[in-house]
Each structure stands twice: as C-alpha cells, then as structure tokens.
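> Return a 3D structure for these sequence lines:
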Amino acid sequence: QVQLVESGGGLVQAGGSLRLSCAASGSLSAIHSMGWYRQAPGKQRDFVATITTGGTTNYADSAKGRFTISRDNAEKKVYLQMNSLKPEDTAVYYCKLVTWTPREYWGQGTQVTVSS
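Reported below is the predicted structural model:
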C-alpha cells in the first residue's frame with residue numbers, strides 16, 4: 001500500500017516562509033513525478049508545482065518567483081519551499097505522486113494558514 005505523508009504546514013504571518021515535505025512509502029512502480037496542489041475553503045483543488053524524476057519543474061503562475069519545488073529521488077521525498085507568503089496562499093496543501101504506469105496517489109494534506 002502506498003502512503004504519502006505531508007508535513008511542515010502551520011500558521012505564519014504574511015511575508016513569512018514555510019517548507020513543506022512529503023514522503024512516499026510502500027510498493028511503488030517507477031515514479032514519474034511528484035508535486036503539490038492546494039485547496040482553499042469552498043474552492044477547487046488547484047495545481048501549485050510539480051517536479052519530474054529528471055528534475056523538470058513546472059509552477060502555477062501564483063507560485064512562480066516565490067515557491068521552489070525540489071525532490072530527493074532516493075528517499076522518495078518532495079519539498080516545497082514557500083517564501084513571501086500571502087493570505088491568499090492559505091489552503092490545505094496536498095502532495096501528489098504519479099507513476100509511469102500511470103497511477104496517481106495523494107497525501108492527506110497539510111494546513112497552511114497565512115495571517116495578514
């Protein structure tokens with residue numbers, strides 16, 4: 001059984017930083033990419049950033065210049081460094097893993113709250 005466990009969320013003031021982590025465990029076929037999505041109350045889940053095994057990154061416009069995604073392939077971990085946080089970044093952040101099969105897996109989410 002595959003599990004994704006996120007950590008690093010919390011409460012931060014506007015302009016502050018947080019670093020999210022996601023660790024994958026279980027029986028996994030070859031990983032294609034890992035990434036982050038977020039869902040604010042009453043809104044749909046939105047793409048934030050992804051990174052492939054080869055290191056190719058992709059960011060939502062809202063994340064460009066402020067967030068940085070990175071990964072540790074050997075440890076099956078992905079990180080999201082979030083700087084210059086804004087109140088509109090408040091959401092539950094979810095980790096997503098996609099294999100080459102393809103199959104996708106989601107974490108349980110971690111809450112990020114940015115106060116003004």
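> who's in contact with the spatially most central residue of the chain?
For the chain, the residue nearest the mean C-alpha position is W36 (2.6 Å; Cα atoms, centre = their mean). The contact partners of W36, by Cβ atoms under 8 Å, 6 or more residues apart in numbering, come to 20, 22, 48-50, 69, 78, 80, 93-96. The C-beta positions use only the backbone N, C-alpha and C, and glycine is treated the same way.
> Can you tell me which of those residues has the most neighbours?
When neighbours are counted by other Cβ atoms under 10 Å, V78 leads these with 29 neighbours.
> Not counting sequence-adjacent ones, nearest residue to that residue?
Excluding the flanking residues, the one nearest V78 by Cβ to Cβ, 6 or more residues apart in numbering is M34, at 3.9 Å.
> hey, what's that neighbour bridged with?
With DSSP bridges as the criterion, M34 is bridged to I51, L97.
> show me what contacts it?
Applying Cβ under 8 Å, 6+ apart to M34 gives the contacts 22, 24, 50-51, 71, 78, 95-98.
> what pLDDT does it get?
pLDDT for M34: 96.
> likewise L4?
Per-residue confidence (pLDDT) for L4: 97.
> That one is in contact with A23, isn't it?
Yes - contact status for L4 versus A23: in contact at 7.3 Å, counting by Cβ atoms under 8 Å.
> between these two, who's got more neighbours?
Between L4 and A23, counted using other Cβ under 10 Å, the more crowded position is L4 (21 against 16).
> Please confirm that the more buried one is located within a strand.
Yes - secondary structure of L4 (DSSP: H, G, I helix; E, B strand; the rest coil): part of a strand.
> State the distance from it to K64.
24 Å (Cβ to Cβ, to the nearest Å).
> what's the closest non-adjacent residue to S25?
Ranked by Cβ to Cβ, 6+ apart and with sequence neighbours excluded, the top spatial neighbour of S25 is Q3, at 5.1 Å.
> ugh, typo on my part, it should be S17
Nearest non-adjacent residue to S17, counting by Cβ to Cβ, 6+ apart: N83, 4.7 Å away.
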